[in-house]
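next input, structure requested:
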Amino acid sequence: MGCVSTAAYVGKSQVLGIIPTAIAEGHFAGKIVGEEPRVPTMQDRIWKIFDNSDAFITLPGGIGTLEENFQIIS
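Got it, this is the predicted structure:
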């Protein structure tokens, strides 16, 4: 996802890296291109993603990626 978000950012697209506060305090903070709003929980993250998106694509990932994808399409 880092390569995709960087390419979108370089191409002048809006990039929004929504991150839960608990994760932001770890190794992800400051490594996101574009805006980096923080939310309290993963569920809040899903809602913020949903509210700020026009379309969704799912890139290869793990169980968490599938969970987020199913939450968005339901």
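
what's the end-to-end length of stretch 5-19?
One end of stretch 5-19 sits 14 Å from the other (Cα to Cα, to the nearest Å).

could you shift the numbering so residue one becomes 424, and keep it that way?
Done: numbering now begins at 424, and the last item shifts to stretch 428-442.

ok, and for that stretch, which residues are buried?
428, 438, 440-442 (16 or more other Cβ atoms under 10 Å). Backbone N, C-alpha and C define where each C-beta goes, glycine included.

tell me where this structure has strands.
Taking DSSP state E, the strands of the chain run over residues 442-443, 461-462.

convert the C-alpha atoms of stretch 468-486 to PDB, please.
The C-alpha trace of stretch 468-486 is given here as PDB (Å, rounded to 0.1, in the frame of the first residue of the first chain):
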ATOM      1  CA  ARG A 468     -11.300   4.000  11.100                       C
ATOM      2  CA  ILE A 469     -13.700   2.000   8.900                       C
ATOM      3  CA  TRP A 470     -16.400   4.700   9.300                       C
ATOM      4  CA  LYS A 471     -13.900   7.500   8.500                       C
ATOM      5  CA  ILE A 472     -12.700   5.600   5.400                       C
ATOM      6  CA  PHE A 473     -16.300   5.100   4.300                       C
ATOM      7  CA  ASP A 474     -17.200   8.700   4.800                       C
ATOM      8  CA  ASN A 475     -14.200  10.000   2.900                       C
ATOM      9  CA  SER A 476     -14.200   7.700  -0.100                       C
ATOM     10  CA  ASP A 477     -15.800   7.600  -3.500                       C
ATOM     11  CA  ALA A 478     -14.700   4.100  -4.400                       C
ATOM     12  CA  PHE A 479     -12.800   1.200  -2.900                       C
ATOM     13  CA  ILE A 480     -10.200  -1.300  -4.100                       C
ATOM     14  CA  THR A 481      -8.800  -4.100  -2.100                       C
ATOM     15  CA  LEU A 482      -5.100  -5.000  -2.500                       C
ATOM     16  CA  PRO A 483      -3.700  -8.400  -1.500                       C
ATOM     17  CA  GLY A 484      -3.500  -8.600   2.300                       C
ATOM     18  CA  GLY A 485      -4.400 -10.800   5.200                       C
ATOM     19  CA  ILE A 486      -7.400 -11.500   7.400                       C
END
